[in-house]
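Chemist: next come a sequence and a model predicted from it.
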Amino acid sequence: MRHDIIMPALGMAQDTGTLLAWHKSEGEAVTQGETLFEVETDKTTMEVEAPASGFLVGISASDGDEVPVGQVIAIISDSADAPTPKPESAAAPQGSDETSGEDTLPPGKPIIMPVLGMSQDTGVLVGWSKELGDTVHQDDILFEVETDKSVVEVPAGIKGYLVARLAAAGDDVPTGETIAIISDEPSKQMVNRAYSTSAAPAEQSVKPTDEEKPKPVAEPAARVDQPQRKQTVTAPGGKVLASPKLKRMAHQAGYDLSLLAATDLPQPYHARDFEALKHASESAGKRAVGSPSIGAIHTLSARLSGLEFEAFLGWAADHLDSSAGDHVIAAFAGASLADKAVVRVDRRGESTTYSTQQQLSQTVESDDKPDLILHDLRGTFISSAEFPPDRAPVIAIVGSEGDVTLTLTCMDDQLTGKDAAVLLNNFAGRVADPLRHIF
Amino acid sequence: MQYGLKRSVRDSYVVGMVVWSEGLSGQPLPHCSTIKSAAFQPTGPLYLPSIFAKLSVLANVKGLLSHTKRFAMNKSKTKLSADDALRMFRQMVRIRTFENNANQLYLSAKMPGLTHMYSGEEAVAVGICEALLPTDKITSTHRGHGHCVAKGADFKAMFCELLGREEGYCRGKGGSMHIADQSNGNLGANAIVGGSMGIATGAALTAKLKKTGGVAVCFFGDGATAQGLMYEVMNMAALWKLPVIYACENNGYSEYTKTEEIAAGSITARAEAFGIESYQVDGQDVIAVNELSKELVERARKGEGPFFLELMTYRYHGHHVGDINREYYRAKSEEQDWRDNRDPIIRMRGWLVKNKYATEEALDELSKEVTEDAESAVAYALNAPYPDVSEVDMHVYTDVEHVLA
Amino acid sequence: MRKITLSKAVNEALVEEMRRDENVFIMGEDVAEAGTPFKVLSGLVEEFGTDRVIDTPISEPGFMGIGVGAAMTGMRPVVDLMFGDFIFLIMDQLCNQAAKTHYMSGGKLNVPLVLRTNMGATRRSAAQHSQSLHAIVAHIPGLKIAMPSSAYEAKGLLKTAIRDDNPVVIFEDKLMYQDSAEVPEEEYTIPFGEACVKREGTDITLIGTSSMVQVCEKAAEMLQAEGISAEVIDPRTIVPLDEKTLVASAKKTGRVIVVDEGHQSFGITSEIASRINEKAFYYLDAPTTRIGAMDVPIPFSPALEDITVPTPERVFEQAKKLVSGELIDAA
Ligand SMILES: Cc1ncc(C[n+]2csc(CCOP(=O)(O)OP(=O)(O)O)c2C)c(N)n1
Ligand SMILES: [Mg+2]
């Protein structure tokens, strides 16, 4: 009878034991109950007894070794000189019994499960169109994928030899996961298997032949059964899904989030979509210029050179002893609207309200409700802005590279389209040629 | 060895009293040596008069003796049949063999978690469970393999449970400390010391209310007598005359501490305070345990319960399998003494042979069969599959299949 | 700096405090010669004797109650509860008595008691020895709750706990007793209510308690490899909670995952997530999400147990989802 001598598990949470000393040596006769060796664990040492009588053979750990519990470190055999079978290691300790890791993959360029739908995170491999070892050309169909109820044929995108297929028909594979490898040369070491997460190769294990990062395969062939769905996530009732952070940013910048819904971007929107929102707002603003009033909102833009205006402000600061900029702008805008008007100027987070008259000198600060709101964004990095309608018509003033862009937004019941155009045009004229205002 | 059925059974109760009396007199309780020296008093008077006299005085002073009934076997009506005797022997061997295998599995890191060996205490579980019907209920402890086997469990499903496999009694969800075998009336082991006292008493209430004639046995250790719950439920069981038997396995230690350091006064007297009939029994004598159990179970069925047993026994291994270096609380010589001189299996074996119930060879053959049975069950369990991970959220509620689905 | 195990760190804290203050004593099951089953208290009874390292019977409600009474009358007991799961046995003494005495007495009585216990699964100990029950006591006003994440915190927090005049519950992770960390030789304490930023980052905040700090740190490593910068914060005490540090980080990164080993529902993760929601809402670019232990009793079978607890992989996957802007459950 052969008895395996194992490193015993003795402590509460012990993975290894240190073999302090053997009390018996290779080939020595031992009787059941005799001390075989000493182990140290968790700060205690203990003696381990022979579980049976016989001869101690096949010692595979020596004094001082740290040995995983459960490992066979010797054998008690019926004879001293029995050919010592190499102690096979005992069943792996709990938890680590999966067979060791990944098969090595041949070198080459990875082909990934492409993202074909908007909110698609996996694709079901319908089938392979190429066999392992086949040569493939860029435009050859490599496989078919089912997503969002459409089946798409995916071309290889690169040419070479198909040396690994890492998913099988029917597998549901996360997008971005490598499912095949195409190499420049045929390989002997080819792999064909079903998809498994644990063995999904990391970039480096695929060893792309050049520095190229894994790239999604080329656009799917034209034969797509259904057009790609633009948006799969929308909240009921047309509500726009966006993070609180983006909502706050949009609110502060005065952008309308619903404009994003008209873009290709998937919901929910996040802070990173702010740039897109800005563009959407700009182009919405431009579209509005000159077009018939859409619903109840008018948005108009004017662009002009700001050089004269800057020069005038510089002069005014020196001669008029006023808080120059805001005061002058309020006066120009107010005069464009009516003989007398109340104008609020928002600049760098501060608001000042003025009551304006045709005469620049009669423009003074006021507490009244504004008839017109100006957002003066000159001197900031902002190059284009449009604000949602407020309690009064709103004009955004943006300066960039010597030009000034004025964007007016108002509700139809605040100003008709025609009046809005008159206001903006007058204001633009005054800004473009300030002297016209004074004289 | 001086060991005959009728005499030994009587002696064992005397032995119990000896231990009890010394504990009572406030001396340090030399748990094993006392028993050993007194246990095999050759046949003699039913009670050792001198000791008993001293004892009654003492006990009367303390008013404790009133309900402690010494079990006298002079009327031993039923002679043990060969079948019954051999079945008890086999069950004890099965427990020992099961534990040896479980210990090996643990030490070789094939068994997860940790476990508490019942070896040495076999006569307690077997003596009591052999007096029960499969429909009678037991509740068990962290040291529960013995109760489970004794109540009729199957090796394969037990080893599968110990290894966390799908075919285990609890589909791998409970493990060593929570094995339950409801087909045989085992309501489960319990990892909370004293945690099952309410459960056993509740099972007895069911038996009473439904008039099933069933009995519940609550197994627990000496250490568990420190739990307040025990006193609450004993009080109610006594008030309501519930068919429950409280079986305190006094193995002399609670974890790494001697019983006398954690239990003041007498253990049986605790139950007597509630008017519960109490006995102290030699837990290494399976026939004594069984005879007494049979009588009490029958009386409990008739509504004469509850009863309390203190079974004097010993665990051979450490508190749990990893408790190897234990000389700081228990001497090796003490362990050796129990193994050599009071082993319940060796004693029963000698008695079987002497009384011609079986030959040595037949008993060897029996042990071999059990060993093979255990080994094949271990091999089976080692190769059995783990439960599918989808089972993780099953069985949280009775009416929801997957609670997290 | 020298490295010692968490077990040794706890031992040192007790030795130092017991030398400093003769009113400090330890009480619990097998704390003396055995030094607890985890051997954390080895050597203490030799130095301080059995009057100050007291072995008790298995009577948890009893010795907890005795601890409360001793604390109210001038002692500073450190009550040792062998497994956190047994907290259910002492709920009355802890939550009805210890927690409320100071308040009910109008500030006249104190209960300077420390309950040292443990938490954590994956020891294959099954449902009654694997629970992490800190949320249950954190719910009760009057108790302070510390959750050390390494040997360093274990020592500093325990010393603070012993000097605190309120009942404090410390949960140590059973699996971390043998883990080593740098612990200064010099004396130090760690104030309650001060979170520790274990790692700075800009894209997402991972808040972890106890051993989950390590889980978060591992996830942060994995995220870094993907170009995502994660901040890892250890609150160290959950009562009091350093809301300021947590909220500031949430505002900075705009995304938060809270990881804790208690059951996910009605737990610490929910509490922290909702505070962040309340105080940093307009800065959040993704929903604050929770990762706790699965809402099932901890199963014995290794095959099942391992999937019930949070892992670095799960935190990593969740973080990637949040950073990529994926909609977390539109339903
Ligand atoms: C309520 C509770 N407290 C403490 C423990 C830890 N513990 C497990 S077994 C044990 C000793 C039990 O002693 P005893 O009741 O005599 O049973 P034995 O182990 O001797 O069979 C202790 C303290 C527990 N499981 N439950
Ligand atoms: Mg005991």
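Modeler: Great, that's in hand. Please read these numbers as outputs of a predicted model, since none were measured by experiment. Numbering: from 1, shown residues only, chains lettered A, B, ... in the order given. Ligands and ions are numbered 1, 2, ... in the order given.
Chemist: pLDDT score for the residue nearest to A:Asp140 when sequence neighbours are not counted?
Modeler: Computed as CB to CB, 6 or more residues apart in numbering or on different chains, the closest residue to A:Asp140 that is not its neighbour in sequence is A:Ala156, at 5.1 Å. To be clear about C-beta, it is placed using only N, CA and C from the backbone, and glycine gets the same treatment. Looking at A:Ala156, its pLDDT is 84.
Chemist: ends of stretch C:91-110, how far apart?
Modeler: Chord length of stretch C:91-110, first to last residue, is 18 Å (CA to CA, to the nearest Å).
Chemist: buried stuff in that stretch?
Modeler: For stretch C:91-110, a neighbour-count test (16 or more other CB atoms under 10 Å in any protein chain shown) marks C:93-95, C:97-102, C:110 as buried.
Chemist: and what of stretch B:316-334?
Modeler: Under the neighbour-count criterion of 16+ other CB under 10 Å, stretch B:316-334 has B:316-324, B:326, B:329-330, B:334 buried.
Chemist: and it, how far out from the chain middle?
Modeler: 20 Å (CA atoms, centre = their mean, to the nearest Å).
Chemist: separation between C:Val114 and C:Met72?
Modeler: 14 Å (CB to CB, to the nearest Å).
Chemist: with neighbour numbers in mind, choose between those two.
Modeler: Set C:Val114 next to C:Met72 and count neighbours by other CB atoms under 10 Å in any protein chain shown: C:Val114 wins out with 28 against 18.
Chemist: which residues does that one contact?
Modeler: C:76-79, C:158, C:161-162, C:164, C:167-170 (CB atoms under 8 Å, 6 or more residues apart in numbering or on different chains).
Chemist: what count of nearby residues applies to C:Ala181?
Modeler: Count around C:Ala181 with other CB under 10 Å applied: 19.
Chemist: same deal with B:Thr359?
Modeler: B:Thr359 is flanked by 11 other residues according to other CB under 10 Å.
Chemist: report the two of the buried residues of stretch C:91-110 separated the most.
Modeler: Greatest spatial distance in those: C:Cys95 and C:Asn110, 16.8 Å, computed using CB to CB.
Chemist: any low-confidence regions in the stretch 251-400 of chain A?
Modeler: Applying pLDDT under 70 to the stretch 251-400 of chain A flags the ranges A:286-296, A:320-324.
Chemist: what's the answer for the stretch 101-250 of chain C, then?
Modeler: Within the stretch 101-250 of chain C, no stretch falls below the threshold (pLDDT under 70).
Chemist: all helices for it, in order.
Modeler: Listed in chain order, the helices of the stretch 101-250 of chain C (DSSP state H, counting those that start in this stretch) span C:134-138, C:151-163, C:212-225, C:243-253.
Chemist: between the helix or strand harbouring C:Glu278 and helix C:243-253, how many degrees?
Modeler: Assigning secondary structure by DSSP states H and E places C:Glu278 in helix C:268-280. Calculated by axes from the mean of the first three to the mean of the last three CA atoms, to 10 degrees, helix C:268-280 forms an angle of 70 degrees with helix C:243-253.
Chemist: got the contact list for helix C:268-280?
Modeler: Applying CB under 8 Å, 6+ apart, the contact partners of helix C:268-280 are C:134-135, C:138, C:207, C:209, C:235, C:238, C:241, C:243, C:246-247, C:250-251, C:256, C:258-260, C:262, C:264, C:284, C:288-292.
Chemist: so how far is A:Val422 from the residue nearest to A:Glu26 when sequence neighbours are not counted?
Modeler: Nearest non-adjacent residue to A:Glu26, counting by CB to CB, 6+ apart: A:Ile59, 5.2 Å away. Distance, A:Ile59 to A:Val422, using CB to CB: 103 Å.
Chemist: that's a strand at B:Glu231, yeah?
Modeler: Let me fix one detail, which is that residue B:231 is Tyr and not Glu. No - using DSSP: H, G, I helix; E, B strand; the rest coil, the assignment for B:Tyr231 is helix, not a strand.
Chemist: that one against B:Arg270, yeah?
Modeler: Yes - between B:Tyr231 and B:Arg270 there is a contact under CB atoms under 8 Å: 7.3 Å.
Chemist: so between A:Ile59 and A:Val422, which is more surrounded?
Modeler: Using other CB under 10 Å as the criterion, A:Ile59 and A:Val422 rank with A:Ile59 on top: 19 against 14.
Chemist: so who does that one touch?
Modeler: Applying CB under 8 Å, 6+ apart, we find A:Ile59 in contact with A:22, A:25-26, A:73-74.
Chemist: name only those of those residues that count as buried.
Modeler: Buried among those by 16+ other CB under 10 Å: A:22, A:73-74.
Chemist: who does the biggest strand by length in chain C touch, helix- and strand-wise?
Modeler: Taking DSSP state E as the criterion, chain C has its longest strand at strand C:256-263. Secondary-structure packing of strand C:256-263 (3 or more CB pairs under 8 Å, 6 or more residues apart in numbering or on different chains; DSSP states H and E): helix C:134-138, strand C:204-208, helix C:212-225, helix C:268-280, strand C:289-293, helix C:312-324.
Chemist: try 6 Å
Modeler: Counting contacts by 3 or more CB pairs under 6 Å, 6 or more residues apart in numbering or on different chains; DSSP states H and E, strand C:256-263 is packed against strand C:204-208, helix C:212-225, helix C:268-280, strand C:289-293.
Chemist: so of these, which one's packed in deepest?
Modeler: Highest mean neighbour count of the helices and strands packed on strand C:256-263: strand C:204-208, a mean of 29 (counted as mean count of other CB atoms under 10 Å in any protein chain shown).
Chemist: direction included, what does that strand pair against?
Modeler: Each strand that pairs with strand C:204-208, with its direction, by DSSP bridges: strand C:230-234 (parallel), strand C:256-263 (parallel).
Chemist: could you look up the SS state of A:Leu408?
Modeler: When classified by three-state DSSP, A:Leu408 comes out as strand.
Chemist: over to B:Ala288?
Modeler: Under three-state DSSP, the three-state class of B:Ala288 is helix.
Chemist: now swap in B:Ser293 and tell me
Modeler: Classification of B:Ser293 using three-state DSSP returns helix.
Chemist: so it sits right up against B:Ile128, yeah?
Modeler: Yes - here B:Ser293 reaches B:Ile128: they are 4.7 Å apart, a contact under CB atoms under 6 Å.
Chemist: among these two, which residue is more densely surrounded?
Modeler: Ranked by neighbour count (other CB under 10 Å), B:Ser293 and B:Ile128 place B:Ile128 first, with 30 against 27.
Chemist: quick check: mean pLDDT of the helix or strand hosting the more buried one?
Modeler: Assigned by DSSP H and E, B:Ile128 belongs to helix B:122-129. Mean pLDDT, helix B:122-129: 98.
Chemist: kindly report the same for stretch B:150-163.
Modeler: Mean pLDDT, stretch B:150-163: 98.
Chemist: end to end on that stretch, go ahead and measure it.
Modeler: End-to-end distance of stretch B:150-163 (CA to CA): 20 Å.
Chemist: list the buried residues of it.
Modeler: B:150-151, B:153-163.
Chemist: cool, and stretch C:160-172?
Modeler: Within stretch C:160-172, the residues scored as buried using 16+ other CB under 10 Å are C:160-164, C:166-172.
Chemist: swap in stretch A:64-74?
Modeler: By neighbour count with 16+ other CB under 10 Å, stretch A:64-74 contains the buried residues A:67-74.
Chemist: now, the residues you listed that are in strands?
Modeler: Cross-referencing those against strands under DSSP E gives A:67-68, A:72-74.
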